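K.L.:
could you look at this predicted model? Sequence included:
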Number of protein chains: 2
Amino acid sequence: MQTKPILIVGSMAFDDLEFPVPVRVADGSTQTAFKDVVGGSATYSALAASAFAPVRIVAVVGADFPEPMLEVLRDRGIDTAGIERTEGLTFRWKGRYHTDLVHRDTLDTQLNVFANFRPRLAAGYGDSPLVLLGNIHPELQLEVLEQTKNPELVVVDTMNFWITGEAKTLAKLLKRTDLLIINDEEARLLSGIHNLARAAKDILSRGPKGLIIKLGEHGSLYFDAEGIFAAPALLLEHVVDPTGAGDSFAGGLLGYLAERGTYDHGDLRRAILRGTAAASFCVEAVGTLGLEALSREQVAQRVERIRHLTYVGEK
Amino acid sequence: MQTKPILIVGSMAFDDLEFPVPVRVADGSTQTAFKDVVGGSATYSALAASAFAPVRIVAVVGADFPEPMLEVLRDRGIDTAGIERTEGLTFRWKGRYHTDLVHRDTLDTQLNVFANFRPRLAAGYGDSPLVLLGNIHPELQLEVLEQTKNPELVVVDTMNFWITGEAKTLAKLLKRTDLLIINDEEARLLSGIHNLARAAKDILSRGPKGLIIKLGEHGSLYFDAEGIFAAPALLLEHVVDPTGAGDSFAGGLLGYLAERGTYDHGDLRRAILRGTAAASFCVEAVGTLGLEALSREQVAQRVERIRHLTYVGEK
């Protein structure tokens, strides 16, 4: 079976990042603030997914986006023909992490070329059997879906901003969603229910066939008609930069499913472990550094570590 | 192999509890506030452990403690000869749970007869091979240890109040601890390290051979020289009263170990699932109601549900 291609729609960005503890960099010195780090949901997801499968990106960058980074993507078999380069500056986000490396404050957001982005699928992209609609305006996510031809698997990421501000459009999107990936706070906001088991039931009744609730450092939960799966996070001693962890999770997960070509309950359980492993590589380095050379074998090794975390022998 | 007896030292109490949502009671009506609910760490731990093993309690109650509750304990094979009944009122705690049913405010604490409690082991108790030192002053926990004869397994619970206020005594106790059970906040406070993997390493270097970090609704982590185990919590749709969940967890865990009679890394993994199951029964009803008729078979059934939560097939 040939691995299926994945269409990924999302942001490509420059991130300015501030960390609570100094980070050692290539020259041996340390720094706590990093400027112009290449990021964005599409970048992280594509890098992670490309350890398994061919990827096609739909995104927009400005004139300032570095060509060498596009080379990095292409070297990993990522099709960058769908990355629109326009006049102006690339989307920019500035954030400061708290000491827990979980919570963060957004210090600045500049939409720049992202403000007028209308995703236009490059030739052949519409046939992609797997589609990841990264966290952008649900109207745009729907526009992308309109340009596809019956994808086998539609995976959707969203956030509190769209859940409260674009409820109607999001409701429409959820009816066409196979797998929704959100965090616990978003699941509670979307359902209006605090208890996660009941929140998940409510969300599944709105359309998605499957739901992943990300719990940050506590792993993730998967819900569908067949049951519940609980995945632990890998207990890392050194977390450097959580930026893009969720996007890497989605990328690793889709990569595995694309390789497998089937999407049943058991496939999803195994895919989530690949997503968890990809996310663990992401957070070990600043920006996309932990993902740029990520191999299928590295992911597999880490999956074994994750499996061992929950292993219980008989009796 | 005969199941070994467990010595449990801790509090027996009346709890006044306020919940964020109405709770249906026996007569079909609902109420949000409950007064004079029998609780205390020793009560919860003993009830859970007694599903597996004979239990001996060392605790103090006042003249107001209901004899029928002691009957309930005895009916489950719990030896109550070590429960000292003195003049005065039983220890009392009043708490109000937040809507998340995780956080809670202490509204009142009345030590009463607990203020002058010096644990005195009843005849024969000193031979107990398994000892659970519930969350009381570490000085008293040490006093109990002095009265025992080389127990095979010493399990210690403690809290932030003792970690900050009785650091020296606690340090002494930790050197004689086989298994320390605390929550994530306490682990961070005790070690001064935010990252849980590194916090655990630090704590293990202070004496305990094993460490369980409880993560509330996110399950628990176990650390020892052989590795790390991550246990999920059971995803319950209806949590009523989290009071005593941690004590029930410890009780179920010790019960299984007492039955088994060995305490290696694999035993601990399996024991933690029993503790998780016992805690899940605890939180489904107000006070000790969910534990009073708890059977070994009920625990086993729930353990299967917990195991299935993390099950991942091959490839």
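P.N.:
It's in.

K.L.:
can we go C-alpha only for contacts and neighbour counts from here?
P.N.:
OK.

K.L.:
and the lengthiest helix in chain A, what's buried?
P.N.:
The longest helix of chain A (DSSP state H) is helix A:265-283. Of all the residues in helix A:265-283, those buried under the rule 16 or more other Cα atoms under 10 Å in any protein chain shown are A:265-283.

K.L.:
ok, which of the residues you listed also contact chain B?
P.N.:
With Cα under 8 Å from any Cα of the partner chain as the criterion, these include A:266, A:269, A:270 near chain B.

K.L.:
and residue A:95, helix, strand or coil?
P.N.:
Following DSSP: H, G, I helix; E, B strand; the rest coil, we place residue A:95 in the strand state.

K.L.:
try the one 10 residues further on
P.N.:
Reduced to three states with three-state DSSP, the structure at residue A:105 is strand.

K.L.:
how close does it sit to residue B:197?
P.N.:
If you measure residue A:105 against residue B:197 using Cα to Cα, to the nearest Å, the figure is 25 Å.

K.L.:
and if you look at residue A:19?
P.N.:
Residue A:19 is 19 Å from residue B:197, by Cα to Cα.

K.L.:
the two: which has the busier surroundings?
P.N.:
Per other Cα atoms under 10 Å in any protein chain shown, whichever of residue A:19 and residue B:197 has more neighbours is residue A:19, with 21 against 17.

K.L.:
hmm, the helix or strand following the longest helix of chain A touching chain B?
P.N.:
Toward the C-terminus, helix A:265-283 is succeeded by helix A:296-310 as the next helix or strand (DSSP states H and E). Yes. Judged by Cα under 8 Å from any Cα, helix A:296-310 comes into contact with chain B at A:307, A:308, A:309, A:310.

K.L.:
need the contact list for the second one.
P.N.:
Contacts for residue A:308 were tallied using Cα atoms under 8 Å, 6 or more residues apart in numbering or on different chains; they are residue B:229.

K.L.:
next: the last one.
P.N.:
Contacts for residue A:310 were tallied using Cα under 8 Å, 6+ apart; they are A:232, B:229, B:230, B:231, B:310.

K.L.:
residue A:270 touches residue A:307, doesn't it?
P.N.:
No. Using Cα atoms under 8 Å, residue A:270 is not in contact with residue A:307; the gap is 9.8 Å.

K.L.:
so what pLDDT did residue A:87 get?
P.N.:
Looking at residue A:87, its pLDDT is 95.

K.L.:
now the strands for the stretch 51-200 of chain A?
P.N.:
Along the stretch 51-200 of chain A, the segments classed as strands by DSSP state E, counting those that start in this stretch run A:55-61, A:78-79, A:83-85, A:91-97, A:104-110, A:130-133, A:153-157, A:179-183.

K.L.:
quick one: strands adjacent to the fifth one?
P.N.:
With DSSP bridges as the criterion, the sheet partners recorded for strand A:104-110 are strand A:91-97 (antiparallel).

K.L.:
residues in contact with the partner strand?
P.N.:
Residues contacting strand A:91-97 (Cα under 8 Å, 6+ apart): A:11-20, A:61-62, A:103-114.

K.L.:
repeat that for 6 Å
P.N.:
The contact list for strand A:91-97 (Cα atoms under 6 Å, 6 or more residues apart in numbering or on different chains) reads A:13-19, A:104-112, A:114.

K.L.:
and for stretch A:11-25?
P.N.:
Outside stretch A:11-25, the residues that touch it by Cα under 6 Å, 6+ apart are A:30-43, A:59, A:90-97, A:99.

K.L.:
list the buried ones in that stretch?
P.N.:
For stretch A:11-25, the neighbour count (16+ other Cα under 10 Å) marks A:11, A:12, A:13, A:14, A:15, A:16, A:17, A:18, A:19, A:23 as buried.

K.L.:
what's the answer for stretch A:85-103, then?
P.N.:
A:85, A:86, A:89, A:90, A:91, A:92, A:93, A:94, A:95, A:96, A:97, A:101.

K.L.:
in those residues, find the pair that's most separated.
P.N.:
Using Cα to Cα, the buried residues of stretch A:85-103 span at most 34.1 Å, a distance reached by A:86 and A:101.

K.L.:
how about the secondary structure of the residue in the stretch 101-250 of chain A that chain B sits nearest to?
P.N.:
Closest to chain B within the stretch 101-250 of chain A is residue A:229: 4.7 Å, counting by Cα to the nearest Cα. At residue A:229 the chain is in strand, as set by three-state DSSP.

K.L.:
what of the one 10 residues further on?
P.N.:
Look at residue A:239: counting by three-state DSSP, its state is coil.

K.L.:
I'd say it and residue A:286 touch.
P.N.:
No. Using Cα atoms under 6 Å, residue A:239 is not in contact with residue A:286, being 9.7 Å away.

K.L.:
out of the two, which sits in the busier spot?
P.N.:
Under the criterion of other Cα under 10 Å, the comparison of residue A:239 against residue A:286 puts residue A:286 first, with 23 against 16.

K.L.:
give the contact list for the more buried one.
P.N.:
Contacts of residue A:286 (Cα under 6 Å, 6+ apart): residue A:241.

K.L.:
now swap in residue A:269 and tell me
P.N.:
Going by Cα under 6 Å, 6+ apart, residue A:269 touches no other residue.

K.L.:
again, 7 Å this time
P.N.:
Listed by Cα atoms under 7 Å, 6 or more residues apart in numbering or on different chains, the contact set of residue A:269 reads A:229, B:312.

K.L.:
just want the angle from the longest strand along chain A to strand A:91-97.
P.N.:
Counting residues, the longest strand found in chain A (DSSP state E) is strand A:13-24. In terms of direction (axes from the mean of the first three to the mean of the last three Cα atoms, to 10 degrees), strand A:13-24 departs from strand A:91-97 by 30 degrees.

K.L.:
tell me what angle strand A:13-24 forms with strand A:55-61.
P.N.:
100 degrees.

K.L.:
mind listing what's buried in the helix or strand following strand A:13-24?
P.N.:
Sequence-wise, the next helix or strand downstream of strand A:13-24 (DSSP H and E) is strand A:30-39. Within strand A:30-39, the residues that qualify as buried by neighbour count (16+ other Cα under 10 Å) are A:37, A:38, A:39.

K.L.:
over to stretch A:193-205?
P.N.:
Buried residues in stretch A:193-205, counted by 16+ other Cα under 10 Å: A:194, A:195, A:196, A:197, A:198, A:199, A:200, A:201, A:202, A:203, A:204.

K.L.:
I'd assumed residue A:221 was in contact with the residue of the stretch 101-250 of chain A closest to chain B.
P.N.:
Yes. Using Cα atoms under 7 Å, residue A:229 is in contact with residue A:221, at 5.6 Å.
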